[in-house]
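Enquirer: 3D model of this:
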Amino acid sequence: MRKVINARITVNPEAVEQFLNYARVIVLASNLEEGCLVYTLYQEVGEPSSFIFYEEYVNQDAVDFHNATSHFKTFISQITELLQGHPVIEVF
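Expert: The predicted model follows:
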């Protein structure tokens with residue numbers, strides 16, 4: 001069954017450009033994964049430090065594969081200190 005993930009992230013305002021640099025890498029790498037249908041980053045209008053990752057996968061196995069990739073693990077370690085609060089992750 002297809003899986004959809006919305007990950008809402010707010011970064012420190014002074015870290016937006018750094019975050020975007022890291023995000024470009026994960027978006028490109030994730031879209032190359034076999035089970036990934038869509039992996040997109042949106043920046044909220046009027047709130048330049050708020051972002052939403054919209055992700056679609058063919059199934060839970062594809063999500064698990066994504067979460068185990070080196071690019072995902074690297075991205076998480078890079079952005080942890082840039083975040084304001086905890087990400088809000090919704091899985092459908």
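Enquirer: contacting residues around the longest helix belonging to the chain?
Expert: Longest helix in the chain by number of residues (criterion: DSSP state H): helix 16-31. Residues from elsewhere that reach helix 16-31 (CB atoms under 8 Å, 6 or more residues apart in numbering): 11, 36, 38-41, 48-49, 51, 55, 66, 69, 71-72, 75, 78-79, 82. (Glycine included, C-beta is placed from N, CA and C.)
Enquirer: that helix: what's the following helix or strand?
Expert: Note on helix 16-31: by DSSP states H and E, the next helix or strand toward the C-terminus is strand 36-43.
Enquirer: for that following strand, output the C-alpha coordinates as PDB.
Expert: The C-alpha trace of strand 36-43 is given here as PDB (Å, rounded to 0.1, in the frame of the first residue of the first chain):
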ATOM      1  CA  CYS A  36      10.300   6.700  -4.000                       C
ATOM      2  CA  LEU A  37       7.500   8.200  -6.100                       C
ATOM      3  CA  VAL A  38       7.800  11.900  -5.000                       C
ATOM      4  CA  TYR A  39      10.100  13.700  -2.600                       C
ATOM      5  CA  THR A  40       9.600  17.400  -2.600                       C
ATOM      6  CA  LEU A  41      10.500  20.300  -0.300                       C
ATOM      7  CA  TYR A  42       8.100  23.300   0.100                       C
ATOM      8  CA  GLN A  43       9.000  26.500   1.900                       C
END
